[in-house]
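S.K.: Sequence and predicted structure, then a few things I'm wondering about:
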Amino acid sequence: MSRDVGVVIVAGGSGSRVGGGELKQLRWIAGKPMLLHSLQAFQKIIEVGMVVCVLPKQYAGDPPPWLFQCDTDRMLISVGGRTRAESVANGLEDLPAECTTVLVHDAARPLVSEAMIRRVIA
């Protein structure tokens, strides 16, 4: 099975519309942080060769430790930009060249299903 699918999970936003001190994408839902739900969902797919998590600058250098519960051989951390478009571009730049199919996912949408991911890849 070829692992030629790359995923950019955009988690670089400030979450200012939600309020509170904690970033929305790092808040817990259904037993774990939103971002971890997304990361684990994509890493369950055998075709996914790499997942790039785009984090705000202050978190990219010192990511939350729970991120390392995943397959770290298939995970990279990238720095978010000033806008969503810049964050996506940063994530795309960090994907390996072998990734010929690319999916972009918003970390604030944590309950993506395996069936949905497979439909998008197809």
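M.R.: Alright, I've got the coordinates. Numbers count the residues shown, from 1 in each chain.

S.K.: Contacts made by the least confident helix or strand in the chain by mean pLDDT with the rest, please.
M.R.: The helix or strand with the lowest mean pLDDT-type score in the chain, counting by mean pLDDT, DSSP states H and E, is strand 28-29 (a mean of 84). Among residues not part of strand 28-29, those counted as contacts by CB atoms under 8 Å, 6 or more residues apart in numbering are Met34, His37, Pro110, Leu111. Heads up, the C-betas are built off the backbone N, CA and C, glycines and all.

S.K.: Report the separation between the third one and Ser38.
M.R.: If you measure Pro110 against Ser38 using CB to CB, to the nearest Å, the figure is 5 Å.

S.K.: what secondary structure does Arg82 sit in?
M.R.: In the three-state summary, Arg82 is assigned as coil, counting by DSSP: H, G, I helix; E, B strand; the rest coil.

S.K.: and if you look at Val52?
M.R.: Going by three-state DSSP, the secondary structure assigned to Val52 is strand.

S.K.: Which of the three states applies to Glu86?
M.R.: Judged by three-state DSSP, the three-state class of Glu86 is helix.

S.K.: pretty sure it is touching Gly80, no?
M.R.: Yes - using CB atoms under 8 Å as the test, Glu86 is close enough to Gly80 to be in contact (7.5 Å).

S.K.: Find the residues that touch each one of these two.
M.R.: Overlap between the neighbourhoods of Glu86 and Gly80 is empty, taking contacts as CB under 8 Å, 6+ apart.
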